[in-house]
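# show me the folded form of this:
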Amino acid sequence: MQEKLEFLIALATEKHFGRAAQVCGVSQPNLSAAIKQLEATLGVPLVDRGARFIGFTAEGERVLEWARRIVGDFKAMRADVETMKCGLTGTLRLAVVPTALPLVQRLTSTFWSLHPGIKIIISSHSSTEILSRIENLEAEAGITYLDNEPVGNVDEVPLYRERYHLITSAEGPLGARDTVTWEEAGSLPLCLLNSNMQNRRIIDRAFSEAGVRAEPMLESNSIVVLSNHLCTGMWSTIMPRIMADSLMLPPTIRAIPIVAPEVSTLIGLVVARRDPQPPLTAALITDARRLAPDLATMA
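Numbering: from 1, shown residues only. Next comes the predicted model:
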């Protein structure tokens, strides 16, 4: 039964029978047959089928919620037993919003120094993708925004507040200023993250609250792309100061606080709501709570 539930979770993640089968290491006919057997056992259709995967039925969505809970709890139980036998072991998969990447090494380094037998995998995602990865058991934890958009059925550990700066050439029209307003920042040629990133939606909302309609001249899902364009001196961007410092930009590029209004958003650790928590996740939560005051002073 557990294997069939894992197939269902993989299908929810991949939204394609072939890709889900590949992820699970089985053939597509075997995966399809297993899900049909699950439907027969429960006596309801779970998947809307056409020439390709369409989606889940209402019953399928409810079963998917149970599948995530059951499979997650079973994996947590196995990890708990394994920890009792061998100590803390395994792999920690951490999904992080791009602007939090410069500070994540403080948390992971502290965690690994206390638990050197753990392998850590870090990947960068949008806030929506992070919640999806936690929900579909593809990540044990995420670092994301807590107070801007709903974060779902997760436990949270607040870490620090992200504050926004104009990153621009010292030789540009605003380069000598100590502070700038959102209205002034919106007058520059901006390169920003794509609108599917919550960081961008926060920036757009700040512009809107200031009565400004700012249209970026360049958009990308890559911080590296933004960094390269900043180095030309032709473009400006808006990001947290800690992110700008991590990019090792030329000394001719300045970070200037943006005011009127001053905007900050809360960044924190999120994990699936589960009691008890798996050993790895519980240890990470403990370390995050201990480190949060230090991170708050660095951001």
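
# how much space between the spatially closest residue to Pro250 that is not a sequence neighbour and Cys191?
Excluding the flanking residues, the one nearest Pro250 by Cβ to Cβ, 6 or more residues apart in numbering is Cys231, at 6.0 Å. Backbone N, C-alpha and C define where each C-beta goes, glycine included. Separation of Cys231 from Cys191 (Cβ to Cβ, to the nearest Å): 11 Å.

# who has more neighbours, these two?
Shown here are Cys231 and Cys191; by other Cβ atoms under 10 Å, Cys191 has more neighbours (23 against 16).

# so who does that one touch?
By Cβ atoms under 8 Å, 6 or more residues apart in numbering, the contact list for Cys191 reads Pro216, Met217, Leu218, Glu219, Ser220, Val225, Leu226, His229, Leu230, Trp235, Ser236, Thr237.

# tell me the strands beside the strand or helix carrying it, with direction?
Assigned by DSSP states H and E, Cys191 belongs to strand 191-193. Its sheet considered, strand 191-193 pairs with strand 218-220 (parallel) by DSSP bridges.

# my guess is Leu8 meets Trp66, correct?
No: the criterion here is Cβ atoms under 8 Å, and Leu8 misses it with Trp66 at 9.7 Å.

# who's more crowded, those two?
More crowded of Leu8 and Trp66, by other Cβ under 10 Å: Leu8, with 26 against 11.

# secondary structure element for the more buried one?
Using DSSP H and E, Leu8 falls within helix 2-14.

# can I assume Val157 is in contact with Leu266?
No: when contacts are counted by Cβ under 8 Å, Val157 is not listed as touching Leu266 (10.8 Å).

# rebuild the contacts of Cys191 as TSV, extending it with distance to Val259, secondary structure and pLDDT.
TSV is the format used below for the contacts of Cys191 (distance: Cβ to Cβ, whole Å; DSSP: H, G, I helix; E, B strand; the rest coil; pLDDT from 0 to 100):
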residue	distance to Val259	secondary structure	pLDDT
Pro216	21	coil	93
Met217	23	coil	94
Leu218	25	strand	96
Glu219	25	strand	95
Ser220	26	strand	94
Val225	27	helix	94
Leu226	22	helix	94
His229	25	helix	94
Leu230	21	helix	94
Trp235	22	coil	95
Ser236	16	strand	97
Thr237	17	strand	97
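
# most surrounded residue in the residues you listed?
Ser236 leads the contacts of Cys191 on contacts (other Cβ under 10 Å) with 28 neighbours.

# may I have the beta-bridge partners of that one?
Bridge pairing for Ser236 (DSSP bridges) gives the partners Leu190.

# distance check, it against Trp66.
Ser236 is 49 Å from Trp66, by Cβ to Cβ.

# same thing with Val157?
To Trp66, Val157 is 27 Å away according to Cβ to Cβ.

# now swap in Glu135 and tell me
If you measure Glu135 against Trp66 using Cβ to Cβ, the figure is 13 Å.
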